[in-house]
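Trainee: Requesting a structural model of the entry that follows:
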Amino acid sequence: MRTKAAFKYQFQNLLKLLGWSYLWAVVGIVVLPFIFSLILGQADDYSLSSYIPNGLTAIVLTIFVFVTGGMTYDGFKLFIQNGIGRKTYFRSKVYALALIIVLGEAINLVYGALYQRLIGKSGTRLFGLSVLYGDYFKNSAANLLAVLLITLLFIACVAVTGMVIGTILGLFSRRVQVLLIVGIPILMFILLIVLVVLNDQSSLKLTWLWQFLVFIIGVVNDNIHSGHLVVYAPMISGSVYIAVMLSIAYYLTLKLRVPR
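Mentor: Have a look, this model is predicted:
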């Protein structure tokens, strides 16, 4: 019962936040440019198709699950203070995020279909990942289902990545969190530059890393063409990644403490 109540609370909150996120995205991308065009006297030149992107809802959903997945202490503190344990908090959050992802992808499908019909140009695909995996099977329905599953797994990967980052930051004080948020991207950028330099100017060749990365997304040989990438590769690698990251997030959640 506690898990059900915790899930209901988290899901309702996430659903409200998702709705506001869609609203602000539309205001920022569609409404504000129209208002500016009116102010500048260029309303006749305003075109909805020029401002509204094909993947608007998908972009909002991806950013949303990453951010909300990383939001740790607000909900955690409330649950602990009301006698709900860490395990229940974690399970309910995972269930709520999973349902939000499915619901959000349903919204993406409706939006994509409307965009294709009303705004999109000829050849516009319903899924962005169809460019990579949309022609793997000879059956169009099988291709659609495969790309849908890969899309759901990708969004879930983003969500669990946010959860791990959020729980790691939650183990530290606010000051240390700020230092980590600012410092880690800088260090990673410096490391990337060093690796690129070493790869170009020395015998260190990172071909194994590149081959591994392209393999897990479905490029199993050099002769494969766009649209025909192996769909099973991202399905397997995505599932493994989600399982590993959820395990890490679960372990770290059990270590969280309510801030004083």
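Trainee: remind me which residues of this structure are low pLDDT?
Mentor: Scanning the chain for pLDDT under 70 picks out the ranges 1, 41-51, 73-76, 120-126, 195-210, 222-223, 225, 258-260.
Trainee: Measure how buried L187 is and give me the count.
Mentor: Neighbour count of L187, defined by other Cβ atoms under 10 Å: 9. Where you see a C-beta, it was placed from the backbone N, CA and C, and this is true even at glycine.
Trainee: Quick check: the gap between it and L169.
Mentor: Per Cβ to Cβ, to the nearest Å, L187 is found 16 Å from L169.
Trainee: how much distance is there from stretch 155-171 to the middle of the chain?
Mentor: In terms of Cα atoms, centre = their mean, to the nearest Å, the centre of stretch 155-171 is set 11 Å apart from its chain centre.
Trainee: what sits up against that stretch?
Mentor: Contacts of stretch 155-171 with the rest of the structure, by Cβ atoms under 8 Å, 6 or more residues apart in numbering, involve 61-62, 65-73, 76, 93, 97-98, 101, 104-105, 177, 180-181, 238, 241-242, 245-246, 248-249, 252-253, 255-256.
Trainee: again, but for stretch 81-95
Mentor: Stretch 81-95 has contacts (Cβ under 8 Å, 6+ apart) with 2-3, 6-7, 9-11, 75-76, 79-80, 163, 246, 249-250, 253-254, 256, 258.
Trainee: could you pull out the strands for the stretch 1-150 of the chain?
Mentor: Taking DSSP state E, counting those that start in this stretch, the stretch 1-150 of the chain contains no strands at all.
Trainee: how about stretch 77-89: buried residues?
Mentor: Using 16 or more other Cβ atoms under 10 Å as the test for burial, stretch 77-89 gives F79, I80, I84, T88, Y89.
Trainee: need the contact list for the first one.
Mentor: Same thing as F79. With Cβ under 8 Å, 6+ apart, F79 has these contacts: A6, T88, Y89.
Trainee: For these, give me TSV that also has distance to F127.
Mentor: Shown next, in TSV, are the contacts of F79 (distance: Cβ to Cβ, whole Å):
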residue	distance to F127
A6	33
T88	35
Y89	33
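Trainee: so how many other residues sit close to R174?
Mentor: Counted by other Cβ under 10 Å, the residues lying close to R174 total 10.
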